[in-house]
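Q: prediction below, plus the sequence it came from.
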Amino acid sequence: MNYYLDVLKKYTVFSGRARRQEYWMFFLFNLAAVIVVAILDAVLGTSPWLYALYFLGTFLPNLAVTVRRLHDTGKSGWWIFIGAVPLVGFIWMIVLLATEGNDQPNAYGLNPKAVQA
């Protein structure tokens, strides 16, 4: 749960690097929250209002952690737009997000694994 809350606290931090674990744990908790919100939306009959509010509330944190994750692999945050390429863009983006980050400091900062260890 700390991964989710830490990303929400750094919702406007687009600089620096994010470890794979930080990104994927946020993704997992966010997916679980989306499922819960969708079920609540259906049960309460407010569809799609709760989901829309949740999406708006987590849009910037999701964008920021994705950019920081790309920075960890040595890529610019602009690579996020590769996901817009039909068919292969989505797959390429998953590969970029799942790739291990650079062991050495890069243009975006120190290795977050080394800093936390």
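A: Looks like it arrived, so ask away. Numbers count the residues shown, from 1 in each chain.

Q: what number of residues lie near residue 17?
A: 24 (other Cβ atoms under 10 Å). Any C-beta I mention is one placed from the backbone N, CA and C, and that applies to glycine too.

Q: same thing with residue 101?
A: 20.

Q: how about the residue nearest to it when sequence neighbours are not counted, what does it touch?
A: The shortest distance from residue 101 to any residue other than its chain neighbours is 3.5 Å, reached at residue 72 (Cβ to Cβ, 6 or more residues apart in numbering). With Cβ atoms under 8 Å, 6 or more residues apart in numbering as the criterion, the residues that contact residue 72 are 17, 18, 19, 20, 101, 102, 108, 112.

Q: hmm, 7 Å instead?
A: Taking Cβ atoms under 7 Å, 6 or more residues apart in numbering as the criterion, residue 72 is in contact with 17, 18, 19, 101, 102, 112.

Q: the last one contacts residue 17, correct?
A: Looking back up the chat, that one is residue 112. Yes - applying Cβ atoms under 7 Å, one finds residue 112 in contact with residue 17, separated by 5.0 Å.

Q: how about the helices of the protein, start to end?
A: Residue ranges of the helices in the chain, as given by DSSP state H, are 2-9, 20-44, 49-72, 88-98, 112-116.

Q: now the residue located most distally from the centre of the chain: phi and psi?
A: What lies farthest from the middle of the chain is residue 45; by Cα atoms, centre = their mean that is 29.1 Å. The phi and psi torsions at residue 45 (degrees, to the nearest 10) take the values phi 70, psi 20.
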